[in-house]
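Participant: Show me the folded form of this:
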Amino acid sequence: MLTTEGLMRLMTWLSPSFPVGAYTYSHGVEFAVEEGLVTSGETLQQWCEGALLFGAGQTDALFFVEAWRLVDKRDITGLIDLNAFAHAMRPTAELALENEAQGRAFLSTILDLAPSDKLQQLAKLLKKCGKFAQYPVIVGALAALEEIDCEPALVAYLHAFGANLVSAGVRLVPLGQTAGQKALMGFEEAVKEAAKQALTKKMEDIGSCAPMIDWTSMRHETQYTRLFRS
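Facilitator: This is a model prediction of the structure:
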């Protein structure tokens, strides 16, 4: 059961104002707009749904759930291995940057705000193994450390993931705020479905099938003019 304290933690961690720099990443949306693949609120919503159900949203969800379970079992060695696996699962350089930079910023900020002994130990182990904290892994791990139920924490994470894509799309197309809110409400079912799949799948099932998102991410690397880092 999600407590009031747990809800407030999630709202803080996954707020657009939390300093992980999420607003600087478009996850390939910038080139999708340039190429005419995202031109409206409806196409932006479809793009978000694809990312959630078939792209990084789906793989992130599995990493999030597994990280939560490993911390719940106090298997820190398994968590370190999972973090390394998450590091290797990024299909493009910019998506790897997006994930790693946000994970590093999230962990650094949490250590400044609430440096618990367990979190400090985890940070030292990650540094020792030479891998930066991967964003879904560290958020899932912290949710478990804070004893926040996995399902609501995962839903909040996935919604924030989609909301950042909408925010990028609203600025890039550009769209009005109402169109952006419609897209946010429109992908709610995709968030629920992505969470449901992640909670029932095994890690052996991990994988993505979002070639257009990967392609736009790669093309974004050499886009002539760009506002976002990915």
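Participant: pretty sure Ala194 is touching Phe54, no?
Facilitator: No - using C-beta atoms under 8 Å, Ala194 makes no contact with Phe54, being 9.3 Å away. C-betas here are computed from N, CA, C, even on glycine.
Participant: who's more crowded, these two?
Facilitator: Using other C-beta atoms under 10 Å as the criterion, Ala194 and Phe54 rank with Ala194 on top: 28 against 19.
Participant: which residues touch whatever helix or strand the more buried one lives in?
Facilitator: Taking DSSP states H and E as the criterion, Ala194 maps to helix 188-200. Residues outside helix 188-200 that contact it (C-beta atoms under 8 Å, 6 or more residues apart in numbering) are 48-49, 52-53, 57-58, 61-62, 64-65, 150-151, 154-155, 158-159, 162.
Participant: try 7 Å
Facilitator: Helix 188-200 has contacts (C-beta atoms under 7 Å, 6 or more residues apart in numbering) with 49, 52-53, 57-58, 61-62, 65, 151, 154-155, 158-159, 162.
Participant: ditto for stretch 46-58
Facilitator: Around stretch 46-58, the neighbours that count as contacts under C-beta under 7 Å, 6+ apart are 27, 29, 32, 38, 95, 158, 161-162, 165-166, 183, 187, 190-191, 193-194, 197, 208-210, 213.
Participant: Could you list which of those residues belong to helices?
Facilitator: Using DSSP state H, the members of the contacts of stretch 46-58 that fall in helices are 29, 32, 95, 158, 161-162, 165-166, 183, 190-191, 193-194, 197, 213.
Participant: For those, pick the one with the most neighbours.
Facilitator: The most crowded member of the ones in helices among the contacts of stretch 46-58, judged by other C-beta under 10 Å, is Val29 (30 neighbours).
Participant: Determine the number of other residues adjacent to Leu227.
Facilitator: Neighbour count of Leu227, defined by other C-beta under 10 Å: 11.
Participant: Report the contact partners of it.
Facilitator: Going by C-beta under 7 Å, 6+ apart, Leu227 touches Glu30.
Participant: Now which of the contacts of helix 188-200 would you call buried?
Facilitator: Buried by 16 or more other C-beta atoms under 10 Å: 49, 52-53, 57-58, 61-62, 65, 154-155, 158-159, 162, out of these.
Participant: in those residues, which two residues are the furthest apart from each other?
Facilitator: Glu49 and Val65 (19.9 Å; C-beta to C-beta).
Participant: Phi and psi next, for Phe187.
Facilitator: For Phe187, the backbone dihedrals (degrees, to the nearest 10) come out as phi -100, psi 10.
Participant: nope, Ser208 is what I was after
Facilitator: phi -130, psi 160.
Participant: Does Leu126 touch Ala133 like I think?
Facilitator: Yes - under the criterion of C-beta atoms under 7 Å, Leu126 makes contact with Ala133 at 5.5 Å.
Participant: Looking at those two, which has the bigger crowd around it?
Facilitator: Neighbours per residue, other C-beta under 10 Å: of Leu126 and Ala133, the larger number sits with Ala133, 27 against 22.
Participant: Distance of the more buried one relative to Leu82?
Facilitator: 11 Å (C-beta to C-beta, to the nearest Å).
Participant: Also Lys127?
Facilitator: 16 Å.
Participant: So those two - more neighbours on which side?
Facilitator: Leu82 (23 against 12).
Participant: could you list every residue that touches that one?
Facilitator: Phe63, Glu66, Ala67, Leu70, Val137.
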